[in-house]
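[1] from the sequence below, what's the structure:
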Amino acid sequence: MIKLIVFDMAGTTIDENNVVYKTLQATLQAAGYTFSLEEVLAVGAGKEKRDAIDSLMKLADGISDEKRLDLAFSDFLERLNIAYENLEVKPCLNAASVIAFFRDQGIKVALNTGYNRDTAQKLLHCIGWEQGSYFDLLITADEVANARPAPDMIQLAQKKLGIEDASQVIKVGDSQIDIEEGKNAGCKLAIGITTGAHTAAQLYASQPDHVIENLEELIPILGFKKAAYS
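    Predicted coordinates for the structure are as follows:
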């Protein structure tokens, strides 16, 4: 019996037109790096954002420079605040209705993300989603010791919602690291979706249980009838 679904945010349940990764790309460009957006997504998607910057810098330089990383991350946060001033954000296709459907079935819904809480809350504010009304719990990367692909965020969600058995948990996300996180947590299913950072081919490389194109596909996968949803 499934008791909890953990959804990633950007690219899975929230469509923010990749503003965070575009901002991350601009930050790296200002620091002297020439990564394409595709390269930023391939390496950084789903990661805690300081870790994403570090991974890309190490890819270019072969080493980690903490001082340069600190400066870049600070610049990233400043750029992101500016980007949010005129940001158009909306729920991903069918996200609100699918989440509502599963909550109506008594299944808890948690959102987790590689963003810090301040960034995540700003995104949720943009679409008017409040914890308790639209979803049950938000877990962010700055709340745990180890970010994705470690299972810490999923395990914290389980602890807060009183769900001891990971085989009663589903993870859904748009990046390889989401799938790896779900598998590392021992989730019953780790499901990729093609609405965000990674293509189906990239997602399949992490050996998900399913790859979907629309959140509605979760309904029959989890054993519910589409008629009950519609």
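[2] which residues of the chain score low on pLDDT?
    When residues are selected by pLDDT under 70, those of the chain lie in 226-230.
[3] isn't residue 17 up against residue 86?
    No: the pair residue 17 and residue 86 fails to qualify as a contact (C-beta atoms under 8 Å) at a distance of 11.6 Å. Bear in mind the C-beta positions are built from the backbone N, C-alpha and C, glycine included.
[4] quick one, which of those two is more surrounded?
    Taking other C-beta atoms under 10 Å, residue 17 and residue 86 do not tie; residue 17 has more neighbours (13 against 7).
[5] now do the contacts for the more buried one.
    The neighbourhood of residue 17, defined by C-beta atoms under 8 Å, 6 or more residues apart in numbering, consists of residue 88.
[6] three-state assignment of it?
    The three-state label given to residue 17 by DSSP: H, G, I helix; E, B strand; the rest coil is coil.
[7] ok, now how distant is it from residue 23?
    Using C-beta to C-beta, to the nearest Å, residue 17 is found at 11 Å from residue 23.
[8] buried set for the lengthiest helix in the chain?
    Criterion DSSP state H: the longest helix present in the chain is helix 66-84. For helix 66-84, the buried set under the neighbour-count rule, 16 or more other C-beta atoms under 10 Å, comprises 68-69, 72-73, 75-77, 79-80, 84.
[9] give the contact list for residue 100.
    Shown in contact with residue 100 (C-beta under 8 Å, 6+ apart): residue 134.
[10] beyond the helix or strand containing it, next helix or strand please.
    Taking DSSP states H and E as the definition, one finds residue 100 inside helix 95-104. Next helix or strand after helix 95-104 toward the C-terminus (DSSP H and E): strand 108-113.
[11] relative to helix 95-104, how tilted is that next one?
    Strand 108-113 runs at 140 degrees relative to helix 95-104, counting by axes from the mean of the first three to the mean of the last three C-alpha atoms, to 10 degrees.
[12] brilliant, that's me finished.
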